[in-house]
Structure formats: C-alpha cells, structure tokens
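Peer 1: build me a structure from this.
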Amino acid sequence: MKEVLINRLRSWGNKSIGLILFVVCLVAIYNKVAHNENLNQYSADIKIQFEKVTFFEWAVLLLLFLLNYLMEAIKWQNLLASWSPISIFKSYKSVLIGQAFAFFTPARTGDYVGRILLLPPGSKIKGVAQMAWSSYAQLIITISIGSIALFFNLPFFPWIKWFMPLGLVAALLVYFHPGQFKGWLNKINKLQIENKLKLNLLGLSFFKYVVFVLQYTWAVKMLNIPIAPSDLWIALGVLFLLLSIIPSISLTDLVIRGQIIVVLLEPYYNNSLMLICLSTIIWAVNFLLPAIIGAFLLINFRIKQ
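Peer 2: Below is the predicted model of the structure:
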C-alpha cells in the first residue's frame, strides 16, 4: 500500500513539474512574440522563407525522419533477436505504434506499451525490460554529448556543467555492471544483456543522435537561418540533454522545446519567431507525423485481430 502511494505521488509530481514548465514556457513565448516590435516584419519574412522551401528540401527532411526511426527499429530488432526474432519491417511498425502511445503519455512512457503489442503472449513483460536498455543507451549518449556542450553553452545554472559528468560516470557504471546486483536490485540480474549488445546499442544510439542533429541542421538551412553549424550543434547538445530530464508529454514538449531553443540560439539569431518555427517543424516531423502513422498502423492491427 505504501509503495503504491509513493508511486502515485511520484507520478503526480512528474506531471506537475511538466505542467508548470509548460505554463512557464507558454507565457514566456507569448511575451516574446506579443511584445516583439518587429512582429509584422518577422512574420512577413517567415512567409517569404517558407515559400522558398522546395519539395526536395522537404523530401530530405522526411528521409532523415525515416532514417531516425530506422535506427530505433534496428535497436529494437537486435534486442529481440535472441528470444523473439522479428523482421526489420515488423520492428519498424512496432516502433511507430509505440510513438502513437507515447504522444499522450508523460515522459513518453506509452512507447513501451505500444511496442510490445506485436510481441507474442508471454514475452511482453520481458519486452518492456529489454526496451529499457535501448532507452538507457540513448540517454547515455545524450548525457555524454550534452555534458560536453554544457561547457560551451549554458545560459543558466552554471554549476550543472560540473554535475553532469558525475552523472554520466554513474550511468555508465550501472549500464556496464556485470549483473550481480543484490537486495531489491537482484531482479535486474535476470534482465541483463551481453556487453556486446550494450555496445551495439550505444553505437546505434549515437548514429540516431547524429541523424537528429542533421535534421536540425538541414531545417536551419531550409529556413535560411544564419547560425554557424558549430554553435547550432553545441546548443542542440544542451537542448537534448535538458529535454531528456524534463518530464513532459509530446503536446507540452512542443512549447517547452520551443522556449529552450529560443534561449539557446537567440544570442546568435534574434528572430525568435523563426526559431519557434524551426522547433515546430522538427517536432511535427519527428513526433506528430510518426504518431499519426502509428495510430493508423494500430487501427489496422486491431482490425486484423
């Protein structure tokens, strides 16, 4: 009973933090836009710039989206290979269905529920545990690159840049622990995977991270935003790190992501409206679009059942 109460309080706390951040960022963005003396000029510039974007440029952005989720599908396929092998097509389908569930759940936890739907009965719980390794590997890559980026771009709480490397070391120790946990952690021992697979997951997670960065870089080029790639990549390292530790759902993530990217990139480019457009495009391509596709795949799956 006590454990259930603690879990409920923790869940309520995470949702409250996400909601508070959402409101704060929403107000900040509103003030930034509503009180901008150059609002009309910026709006006209954005319209002109969007009219210049070619079909080829949109196609490349969508291709990067497909590549992004291909990396995730390969990770999921590798995790299942030894005990419930599936084709890359089915793995890709599972990942997209997971996105449909993740879109409306805090910290995208619904992704776990969506992915295991296509697994055979009796293996779903193990599937959730195995997916946790994939998420953990991605988090380690995000913390690793973000920790470096913090030393170059940190407009608030400078002490964090000294704390994150310690967090990275702790995360790596747990990730590569041989699996001889004791006490209440001994359940993890049964869910261990080989170090070779762990390294494979880290490599794929890194490539996925690179694809994500390339998406932003390409979108910046599309919108003709004059920010040097080095400045953009450092800001993105901080952005991804912050988003990985802020509890939110995809709907509120749009606003939070927009405000953070404005704070990080405004020193290099003062058109906050264009930066919000940049963030919205990436959010729509990487989260809204796969959620819509996943919803259709889920409907098709239910009909066949």
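
Peer 1: any regions of the stretch 51-200 of the chain where pLDDT drops low?
Peer 2: 107, 153-157, 159, 179-190 (pLDDT under 70).

Peer 1: who's in contact with stretch 226-241?
Peer 2: Stretch 226-241 has contacts (Cβ atoms under 8 Å, 6 or more residues apart in numbering) with 142-143, 145-150, 152-154, 164, 209, 212-213, 216-217, 220, 257, 260-261, 264-265, 268-269. From N, CA and C alone the C-beta is placed, and that goes for glycine too.

Peer 1: so which of those are in strands?
Peer 2: Residues of the contacts of stretch 226-241 located in strands (DSSP state E): none.

Peer 1: just checking, which of these belong to helices?
Peer 2: In helices, defined here by DSSP state H, the members of those are 142-143, 145-150, 164, 209, 212-213, 216-217, 220, 257, 260-261, 264-265.

Peer 1: hang on, the earlier thing: would you show me how to pick out the buried ones of the contacts of stretch 226-241 in ChimeraX?
Peer 2: Here is the ChimeraX command that picks out the buried ones among these, judged by 16 or more other Cβ atoms under 10 Å:
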select :142,143,145,146,147,148,149,150,153,164,209,212,213,216,217,220,257,260,261,264,265,269
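
Peer 1: let me see the ranges of the helices in the stretch 151-300 of the chain.
Peer 2: 160-175, 195-222, 229-245, 250-265, 272-283, 289-304 (DSSP state H, counting those that start in this stretch).

Peer 1: closest one to F89 among the ones you listed?
Peer 2: When these are compared for distance to F89 using Cβ to Cβ, the nearest one is helix 289-304, at 11.2 Å.

Peer 1: name the helices or strands packed onto the closest one?
Peer 2: In terms of contacts (3 or more Cβ pairs under 8 Å, 6 or more residues apart in numbering; DSSP states H and E), helix 289-304 is packed against helix 55-80, helix 88-102.

Peer 1: winner for burial among the ones you listed?
Peer 2: Comparing the helices and strands packed on helix 289-304 on average neighbours per residue, with mean count of other Cβ atoms under 10 Å, the densest one is helix 88-102 at a mean of 22.

Peer 1: circling back to that earlier point, can you tell me which of the helices of the stretch 151-300 of the chain the model trusts least?
Peer 2: Here the lowest mean pLDDT among the helices of the stretch 151-300 of the chain goes to helix 250-265, at a mean of 77.

Peer 1: got the CA coordinates for it in PDB?
Peer 2: Only the C-alpha atoms of helix 250-265 are listed here, as PDB (Å, rounded to 0.1, in the frame of the first residue of the first chain):
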ATOM      1  CA  SER A 250       4.700  15.400 -26.600                       C
ATOM      2  CA  LEU A 251       2.000  18.100 -26.700                       C
ATOM      3  CA  THR A 252       3.600  20.100 -23.900                       C
ATOM      4  CA  ASP A 253       7.100  19.200 -25.200                       C
ATOM      5  CA  LEU A 254       6.400  21.400 -28.300                       C
ATOM      6  CA  VAL A 255       6.100  24.500 -26.100                       C
ATOM      7  CA  ILE A 256       9.000  23.600 -23.800                       C
ATOM      8  CA  ARG A 257      11.300  22.700 -26.700                       C
ATOM      9  CA  GLY A 258      10.400  26.000 -28.400                       C
ATOM     10  CA  GLN A 259      11.300  28.100 -25.400                       C
ATOM     11  CA  ILE A 260      14.500  26.300 -24.700                       C
ATOM     12  CA  ILE A 261      15.700  26.600 -28.300                       C
ATOM     13  CA  VAL A 262      14.900  30.300 -28.300                       C
ATOM     14  CA  VAL A 263      17.000  30.800 -25.100                       C
ATOM     15  CA  LEU A 264      19.900  28.800 -26.500                       C
ATOM     16  CA  LEU A 265      20.000  30.200 -30.000                       C
END
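
Peer 1: quick one: distance of that helix to the chain centre.
Peer 2: 12 Å (Cα atoms, centre = their mean, to the nearest Å).

Peer 1: go on, stretch 265-282?
Peer 2: For stretch 265-282, the distance to the chain centre is 19 Å (Cα atoms, centre = their mean).

Peer 1: try stretch 91-102
Peer 2: Distance of stretch 91-102 from its chain centroid, counting by Cα atoms, centre = their mean, is 14 Å.
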